[in-house]
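> sequence-free structure coming up:
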């Protein structure tokens with residue numbers, strides 16, 4: 001995983017967890033019940049709020065190709081979006 005982009009002014013941009021990359025790799029556990037620790041640097045996240053079951057929520061779900069969650073702590077998932 002690269003923690004620094006290599007072109008133009010972005011070459012100075014470092015991920016927030018770049019200093020922990022090696023430690024996360026060492027703390028990961030292999031095997032069928034293993035856990036891998038990693039950062040996806042500069043991942044874009046967007047929060048969308050709409051009344052569950054409303055026309056707006058349904059339209060947003062249609063646009064994204066995945067329904068918005070109806071309860072706190074739930075997640076909507078498809079191939080491109082979580």
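Cool, the structure landed. Since the structure is predicted, the reported quantities are computational estimates derived from the model, not experimental observations. Numbering: from 1, shown residues only.
> Enumerate the positions of stretch 14-27 that are buried.
For stretch 14-27, the neighbour count (16 or more other Cβ atoms under 10 Å) marks 15, 17, 21 as buried. In short, each C-beta sits where N, CA and C put it, glycine included.
> pLDDT value on residue 26, please?
At residue 26, the model reports a pLDDT of 92.
> Give me the secondary structure label for it.
Secondary structure assignment for residue 26 (DSSP: H, G, I helix; E, B strand; the rest coil): helix.
> tell me the mean pLDDT over the biggest helix by length in the chain?
Secondary structure assigned by DSSP state H gives helix 55-64 as the longest helix of the chain. The average pLDDT for helix 55-64 rounds to 89.
> what's the spacing between it and its chain's center?
Centroid separation for helix 55-64 versus its chain: 20 Å, with Cα atoms, centre = their mean, to the nearest Å.
> out of the buried residues of stretch 14-27, who's nearest residue 41?
Residue 41 has its nearest neighbour among the buried residues of stretch 14-27 in residue 15, at 3.4 Å by Cβ to Cβ.
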